[in-house]
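>>> Let me see the structure of the following:
(one chain, ligands or ions: 1)
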Amino acid sequence: MRAVILGCGFAGLSVASALSAKSRGVEILMIDRRERFEYLPSLPEILSGKVSADEITGSLRKFATKIGAEFLQREVKSVDFKAKEVVARNPKSSSEERIPYDFLVVAVGAELAFFGIPGAEEHALSVYSLDDALKTRKRLEEAVQQEGVKCVVVGAGLTGVEVAGELVDFFSGRGCEASRVLLVEMAQRILPAFPEKVSARIERVLRSRGVEILTGNAVQSVSEREIELLALKEKAGRKIHYDILIWTAGLKPNRISANFPAEAKAKGGWLKADAFLRLKGYKDVFVAGDIAHFANSEISGKNVEEAERQGRTVAENIMRSIKGSKLRHYSPKNTVQKPRALISLGNGHAIAYFNGFLLETFAYRLKKYLERKYMRKFA
Ligand SMILES: Cc1cc2nc3c(=O)[nH]c(=O)nc-3n(C[C@H](O)[C@H](O)[C@H](O)COP(=O)(O)OP(=O)(O)OC[C@H]3O[C@@H](n4cnc5c(N)ncnc54)[C@H](O)[C@@H]3O)c2cc1C
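Have a look, this model is predicted:
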């Protein structure tokens, strides 16, 4: 019996670990286009230099060996559900291969969305992968040579507010007091997915650190040094100059989902998960992590906590499917309706929002502890 896991991020690794702990006689094959795992929550800190690439990445091959699984570096192109085969490209030989499976887990995550805004994808930098974050950092190092660099961060969700905090640290670490960081958000307040008290607290911290905040403004277009904004209430447009533009504004499902059957997709193309995290309409295909859309009375959030919880449930349900026993219901905790997060704002300061409470003492230390604990898996 062979379980093939597509994508070795938080969800894929959680499936692989839990499956290897429970299974005997199940061959586990982990597939990722990258050789190294990337700890995404720490990518904003690449900008300020608080973490290095080595500290927040780990060898997937080493991890697989440790848990008794196999790892293949392949770019997944599509899935042939009828033949029960994955179609993947070998990056070294560029040849295409078909990889058979008995059970499949799709955990390939999400991609940045630019919503078709003219010029956005072409001109904006990002922190969505280690390569993106290193490229952005390089551009910051180049720009810092000039006086009064202006950085615009588009999107004031979790990643946007963290990036703004790290940019302040980057510039203050170089004595560039004249540099400016502007955070632009289309909603009427930052962190619109969180309750107002979280937005208000984080806005106060960021403003006190010198970040300018512009809410209620939608980006219309981007050119080489300017973004065009529309103030939604006033219906007034304006153009803003930038030297560095960092896009954090939205997510879309990984492109491989484009070839999945329409009935297995929710609005926006996310893969629909049933109550047991099987891809809707399939008994031998499971979904986990950001690419999955799960809704019961609440909608599962796209975060590390749920990616890992989903991974554990998927592993359990693969084992139960093999034994022919009743599957376990998945029950999310960090949901769209009740989000919780650890949000770092630079300068060693973080805010935890959990079960309606805001906590600041030790929040940053807790965030770093979780990072180090996770990365020990690769040691
Ligand atoms: C900058 C940033 C900061 C974040 N901060 C936080 C935070 O503080 N707290 C929090 O809870 N969440 C945070 N998140 C969100 C969190 O990282 C995601 O929810 C989580 O990574 C989802 O896990 P996943 O396994 O679904 O996807 P990922 O972790 O993205 O993993 C997907 C994997 O699939 C692989 N893959 C993709 N396409 C292919 C393909 N075609 N072929 C083969 N392999 C492929 C990728 O290489 C990757 O390894 C942050 C995200 C970002 C980008």
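
>>> Could you use CA atoms for every contact and neighbour count after this?
OK.

>>> Go ahead and measure how far stretch 155-168 is from the middle of the chain.
Relative to its parent chain, stretch 155-168 has a centroid offset of 14 Å by CA atoms, centre = their mean, to the nearest Å.

>>> Name the surrounding residues that touch that stretch.
44-45, 47-48, 153-154, 181-186, 190-193, 206, 209-211, 247-250, 343-347 (CA atoms under 8 Å, 6 or more residues apart in numbering).

>>> Could you pick out the buried ones from those residues?
Burial of the contacts of stretch 155-168 was assessed by neighbour count (16 or more other CA atoms under 10 Å); the buried members are 44-45, 47-48, 153-154, 181-186, 190-193, 206, 209-211, 247-249, 343-346.

>>> Quick one: neighbours of the residue nearest to residue 347 when sequence neighbours are not counted, just the number.
Leaving out its chain neighbours, the residue that sits closest to residue 347 by CA to CA, 6 or more residues apart in numbering is residue 169, at 6.5 Å. Counted with other CA atoms under 10 Å, the neighbours of residue 169 add up to 22.

>>> How about the one 4 residues further on?
Residue 173 has 12 neighbouring residues, counting by other CA under 10 Å.

>>> mind checking pLDDT for it?
What the model reports for residue 173 is a pLDDT of 90.

>>> From the ligand, how far off is it?
Distance of residue 173 to the ligand, computed by CA to the nearest ligand atom, to the nearest Å: 21 Å.

>>> Quick check on that residue: phi, psi?
Residue 173 has phi and psi values of phi -60, psi -20 when expressed as degrees, to the nearest 10.

>>> ditto for residue 3
Main-chain dihedrals, residue 3, degrees, to the nearest 10: phi -100, psi 120.

>>> Based on its surroundings, how many neighbours for the nearest residue to it once chain neighbours are set aside?
Among residues not flanking residue 3 along the chain, residue 103 sits closest, at 4.6 Å (CA to CA, 6+ apart). Burial measure for residue 103: 20 neighbouring residues, criterion other CA under 10 Å.

>>> Settle this for me: residue 103 is touching residue 2, isn't it.
Yes. The criterion here is CA atoms under 8 Å, and residue 103 meets it with residue 2 at 6.4 Å.

>>> before we move on, the earlier item: intersect the contacts of stretch 155-168 with the contacts of the ligand.
Intersecting the contacts of stretch 155-168 with the contacts of the ligand gives residue 44 (criterion: CA under 6 Å from any ligand atom).

>>> Walking through the stretch 151-300 of the chain, point out its helices one by one.
Using DSSP state H, counting those that start in this stretch, the helices assigned to the stretch 151-300 of the chain run over residues 158-173, 196-208.

>>> wait, doesn't residue 232 sit right on residue 216?
Yes. Look at residue 232 against residue 216 with CA under 8 Å: they come within range, at 5.7 Å.

>>> hey, what's in contact with both of those two?
Each of residue 186 lies in contact with both residue 232 and residue 216 under the rule CA under 8 Å, 6+ apart.

>>> quick one: low-confidence ranges for this structure?
Judged against pLDDT under 70, the chain has no low-scoring part.

>>> Any residues of the stretch 201-350 of the chain in contact with the ligand? List them.
Close to the ligand, as judged by CA under 6 Å from any ligand atom, the stretch 201-350 of the chain has residues 289, 290, 291, 302, 303, 304, 305, 307, 342.

>>> Which of those residues has the largest number of neighbours?
Top of these by neighbour number is residue 289, holding 30 neighbours under the definition other CA under 10 Å.

>>> can you pull the contacts of the nearest residue to that residue once chain neighbours are set aside?
The shortest distance from residue 289 to any non-neighbouring residue, by CA to CA, 6+ apart, is to residue 307 (4.1 Å). Listed by CA under 8 Å, 6+ apart, the contact partners of residue 307 are 10, 11, 14, 288, 289, 290.

>>> redo that, cut-off 10 Å
9-15, 107, 109, 288-292, 300-301, 332 (CA atoms under 10 Å, 6 or more residues apart in numbering).

>>> Surely residue 148 touches residue 175?
No. Distance between residue 148 and residue 175: 11.1 Å, which falls outside the contact criterion (CA atoms under 10 Å).

>>> ok, those two, which is more surrounded?
Of the pair residue 148 and residue 175, residue 148 is the one with more neighbours under other CA under 10 Å, namely 14 against 11.

>>> So that one versus the ligand, what's the distance?
Residue 148 is 25 Å from the ligand, where distance means CA to the nearest ligand atom.

>>> again with residue 219
When CA to the nearest ligand atom is applied, the distance between residue 219 and the ligand equals 20 Å.

>>> Let the chain start at 3 from now.
Got it, the first residue is 3 from now on, which makes the last one we talked about residue 221.

>>> Identify the residue spatially nearest to that residue, adjacent ones excluded.
Beyond its immediate neighbours in the sequence, the residue positioned closest to residue 221 (CA to CA, 6+ apart) is residue 231, lying 4.6 Å away.

>>> contacting residues for that neighbour?
Counting by CA under 10 Å, 6+ apart, residue 231 makes contact with 186, 188, 218-224, 237-242.

>>> Drop anything exposed from the residues you listed.
The neighbour count (16+ other CA under 10 Å) marks 186, 188, 218, 219, 220, 221, 222, 223, 224 as buried among those.
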